[in-house]
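Participant: Here you go, sequence then predicted model.
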Amino acid sequence: MAEPRISLITLGSRNLAKSRRFYVDGFGWEPVFENEEIIFYQLNGVILATFADAALKEDMVAGELYRPGAFAIAHNVREEGEVEALMTDLAAAGGRILRRADAPPIGGLRGYVADPDEHAWEIAYNPGFAIDNDGNILFGT
């Protein structure tokens, strides 16, 4: 049985420079490695990679990149007031607001922002999740 872990999330990018601006200027994340085809960001317990579409397609061998993807990546914050502020920063860094922040039925606050390659990011505060000192999210605490 495999250990329960996600090690790396790789997102295809049409323009790495625009993608880099979104993640560096929007989220404030610094790359740990980058070249002309890929950029890696070390997050708590997982690595996010943005990979030039052509290089990703070649790397995947079988072929087609499908857009838009039916998924969202969530970035939870520690306090409700951080949701709209971060969404504003991400939009200013080249993102596009998909859904303004509002309260979901389960409580808290959430909104959606697309990065320059149309990957959906949910920016959320959920009072039912804790974020530990290392930035790891813990379900139901």
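Facilitator: Good, I have the coordinates.

Participant: what about stretch 44-58, start to end distance?
Facilitator: Distance between the two ends of stretch 44-58: 28 Å, counting by Cα to Cα, to the nearest Å.

Participant: Enumerate the positions of that stretch that are buried.
Facilitator: For stretch 44-58, the neighbour count (16 or more other Cβ atoms under 10 Å) marks 48-53, 55-56 as buried. For every residue, glycine as well, the C-beta is placed using N, CA and C.

Participant: got any ranges where the protein has weak pLDDT?
Facilitator: Counting by pLDDT under 70, the chain has low-confidence residues at 2-3, 59-70, 141.

Participant: residue boundaries of the strands in it?
Facilitator: Using DSSP state E, the strands assigned to the chain run over residues 8-13, 33-34, 38-43, 46-52, 72-76, 96-102, 109-114, 120-125, 129-131, 137-139.

Participant: Please identify which of those is closest to G26.
Facilitator: Each of the strands of the chain was scored for nearness to G26 using Cβ to Cβ, and the closest is strand 109-114 (8.2 Å).

Participant: Direction included, what does that closest one pair up with?
Facilitator: Using DSSP bridges, strand 109-114 pairs in its sheet with strand 96-102 (antiparallel), strand 120-125 (antiparallel).

Participant: Out of those strands, which one sits most buried?
Facilitator: Burial of the strands paired with strand 109-114 is given as mean neighbour count (mean count of other Cβ atoms under 10 Å); strand 120-125 ranks first at a mean of 21.

Participant: got a list of contacts for that strand?
Facilitator: Strand 120-125 is contacted by residues 68-69, 71-80, 82-83, 86-87, 90, 95, 98, 101, 108-115 when judged by Cβ atoms under 8 Å, 6 or more residues apart in numbering.

Participant: Could you give me the ChimeraX syntax to select whichever of these are buried?
Facilitator: Only the buried entries of those go into this ChimeraX selection, using 16+ other Cβ under 10 Å:
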select :75,76,77,80,82,83,86,87,90,95,101,108,109,110,111,112,113,114,115
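
Participant: Columns distance to F129 on top of the buried residues of stretch 44-58, output as JSON lines?
Facilitator: Shown next, in JSON lines, are the buried residues of stretch 44-58 (distance: Cβ to Cβ, whole Å):
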{"residue": "L48", "distance to F129": "19"}
{"residue": "A49", "distance to F129": "25"}
{"residue": "T50", "distance to F129": "26"}
{"residue": "F51", "distance to F129": "29"}
{"residue": "A52", "distance to F129": "33"}
{"residue": "D53", "distance to F129": "33"}
{"residue": "A55", "distance to F129": "35"}
{"residue": "L56", "distance to F129": "31"}
